[in-house]
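> model this:
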Amino acid sequence: MCMGPHPYIPVPLTYKVVINQVLGGEATMNVLHVSVTDFMNLSTLASVATAVQAWWIARIAPLVTNTLSLTSVEVTDIASFNGGRYILFAPAGTTGSIATPPLPNNVALVVSYTGATRGRGSQGRTYHMGIVDAAAAGSDVTSFYAGQVNAAYIQLRTDLAVLNADLTQTIVSYCLGGAWRAIGQRTSITNSTVGTRLDTQRRRLPRRR
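Sure, this is the predicted structure:
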């Protein structure tokens with residue numbers, strides 16, 4: 001794990017995608033990365049933001065509480081310090097579809113990603129939030145719900161490829177052996193899994209910063 005200040009670390013041919021949400025009054029986010037193989041431009045920023053917003057509405061909203069709302073999708077070119085940025089604000093009332101209160105804000109389900117190479121720099125995760133009690137069974141979720149969540153994240157990779165065959169969801173690593181990299185490493189995601197065990201993301205607890 002790397003700590004401390006460092007110069008800006010560029011990641012070639014890569015966009016950072018921030019999915020801004022509000023859960024029970026608390027601002028939350030999920031961060032993903034999308035890479036291209038050749039050329040980056042501002043129109044792609046907008047296209048990726050639009051695709052991710054449409055994916056959230058179609059695939060994530062049906063799985064989560066209506067107290068989770070999507071506020072915006074922010075896509076940034078992180079290949080350079082002054083790369084372009086595009087923010088797509090969600091229409092008012094863009095929320096989950098399940099009219100049931102969620103489990104506590106910090107309760108999450110881990111979506112784990114792997115690439116074609118070994119090492120921690122080729123592994124990533126997303127903390128899926130807004131889970132309702134009906135999906136849970138003790139300290140776990142049902143295998144059916146876990147499968148639905150994994151299918152949703154697989155669909156995102158499919159949607160990106162349909163948008164442009166040059167787009168792939170990637171894992172980004174800024175650290176190697178306890179030292180900051182000069183250039184970020186990007187690894188294309190080849191597989192994702194979702195276990196049934198519930199996890200925690202403490203920073204999502206109310207009033208915790």
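> buried sites along the helix of greatest length in the chain?
Longest helix of the chain, by residue count under DSSP state H: helix 143-163. By neighbour count on 16 or more other C-beta atoms under 10 Å, the buried set for helix 143-163 is 145-146, 148-150, 152-154, 156-157, 159-160, 163. Backbone N, C-alpha and C define where each C-beta goes, glycine included.
> How are the strands of this protein distributed by residue range?
Under the criterion DSSP state E, the chain contains strands at 14-23, 26-35, 68-77, 85-89, 107-114, 123-128, 136-137, 140-141, 168-176, 179-188, 191-194, 199-200.
> With mean neighbour count, mean pLDDT and distance to T44 as extra columns, can I get those strands in TSV?
Output for these, formatted as TSV (neighbours: other C-beta atoms under 10 Å; pLDDT from 0 to 100; distance: least, C-beta to C-beta, whole Å):
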stretch	mean neighbour count	mean pLDDT	distance to T44
strand 14-23	20	97	7
strand 26-35	18	96	9
strand 68-77	21	97	8
strand 85-89	16	97	9
strand 107-114	20	96	22
strand 123-128	18	94	21
strand 136-137	15	91	38
strand 140-141	20	97	35
strand 168-176	19	94	13
strand 179-188	16	94	16
strand 191-194	17	96	23
strand 199-200	14	92	33
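> Can you add distance to T50 and give the ones you listed back as JSON lines?
Listed next are the strands of the chain as JSON lines, based on distance: least, C-beta to C-beta, whole Å:
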{"stretch": "strand 14-23", "distance to T50": "12"}
{"stretch": "strand 26-35", "distance to T50": "13"}
{"stretch": "strand 68-77", "distance to T50": "8"}
{"stretch": "strand 85-89", "distance to T50": "6"}
{"stretch": "strand 107-114", "distance to T50": "22"}
{"stretch": "strand 123-128", "distance to T50": "20"}
{"stretch": "strand 136-137", "distance to T50": "33"}
{"stretch": "strand 140-141", "distance to T50": "30"}
{"stretch": "strand 168-176", "distance to T50": "16"}
{"stretch": "strand 179-188", "distance to T50": "22"}
{"stretch": "strand 191-194", "distance to T50": "22"}
{"stretch": "strand 199-200", "distance to T50": "30"}
